[in-house]
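>>> how would this look folded up:
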Amino acid sequence: MNEYSMVAAHDPGWSEEFKEIGTRIRDALQDAALRIDHIGSTAVPGLDAKPIIDIQISVRSFEPLASYRDPLQAIGYLHQAGNPELTKRYFREGPGMRRTHIHVREAGSFAEQFALLFRDYLRVHPEEAARYGAEKRQLAYLLKQDRTRYVEAKEPCIWEMMRRASQWSQDTGWRPGKPDA
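This is a model prediction of the structure:
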């Protein structure tokens, strides 16, 4: 069994774990990070998730890379230079550290806003979070040995919810709140 087949019931301790990690990251990055946010499923109360803390760091620009890469590496996070997504820079935990995915994105970018809107929409709509959690559990069971297919198979559900999230954002005037760290 691998990490993608282990979707677990929500653990309220995930938010506390984020706070500890987020504080360490904030101390390391200082002004290089405009925002540090807990994103992904572990950031949504009641949502089933793989027990991996996802963190989004918003920066003014991807360059110079060293402005955030070096401080993150100094506290144990490993830059994944081969990440194919050009809208983020990606870091993972080092050996012996708590499982963490760090997504560095440019402030104001579609990718940055997408992650925040999806999280906030699910926080406000627990019925949608429950539906998404059920979808993830089913896909994790069916695709337990294939991470790529698991991620791809979630996309139709995510985009369907994002259409509703977009309308919700228009109806409410949604804007990202204060950063989490």
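
>>> residue ranges with poor pLDDT in this protein?
Residue ranges of the chain with pLDDT under 70: 1-5.

>>> if I pick E93, what's in contact with it?
Contact analysis of E93 by C-beta atoms under 8 Å, 6 or more residues apart in numbering lists G76, Y77, L78, R99, T100. Yep, even glycine has a C-beta here, placed from its N, CA and C like the rest.

>>> Point out the ones among these that are inside strands.
Assigned to strands by DSSP state E, the following of the contacts of E93 qualify: L78, T100.

>>> I'd like the distance from stretch 110-124 to the chain centre, please.
Computed by C-alpha atoms, centre = their mean, to the nearest Å, the separation of stretch 110-124 from the middle of its chain amounts to 10 Å.

>>> Give the buried residues for it.
Within stretch 110-124, the residues scored as buried using 16 or more other C-beta atoms under 10 Å are E112, Q113, F114, A115, L116, L117, F118, R119, D120, Y121, L122.

>>> Could you export it as PDB, CA atoms only?
Output in PDB follows, covering the C-alpha atoms of stretch 110-124 (Å, rounded to 0.1, in the frame of the first residue of the first chain):
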ATOM      1  CA  PHE A 110      -4.400  31.800 -11.400                       C
ATOM      2  CA  ALA A 111      -2.700  28.800  -9.800                       C
ATOM      3  CA  GLU A 112      -2.300  30.700  -6.500                       C
ATOM      4  CA  GLN A 113      -5.900  31.900  -6.500                       C
ATOM      5  CA  PHE A 114      -7.300  28.500  -7.600                       C
ATOM      6  CA  ALA A 115      -5.900  26.700  -4.500                       C
ATOM      7  CA  LEU A 116      -7.200  29.400  -2.200                       C
ATOM      8  CA  LEU A 117     -10.700  29.600  -3.700                       C
ATOM      9  CA  PHE A 118     -11.100  25.800  -3.800                       C
ATOM     10  CA  ARG A 119     -10.000  25.500  -0.100                       C
ATOM     11  CA  ASP A 120     -12.300  28.400   1.000                       C
ATOM     12  CA  TYR A 121     -15.300  27.100  -1.000                       C
ATOM     13  CA  LEU A 122     -15.000  23.600   0.600                       C
ATOM     14  CA  ARG A 123     -14.600  25.200   4.000                       C
ATOM     15  CA  VAL A 124     -17.900  27.000   3.600                       C
END
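
>>> and which of the contacts of E93 is nearest I39?
Checking those against I39 with C-beta to C-beta, the nearest one is T100 at 11.7 Å.

>>> Now do the strands in this structure.
Under DSSP E, the chain gives strands at 35-39, 53-59, 78-79, 89-92, 100-106.

>>> Cool, thanks, signing off.
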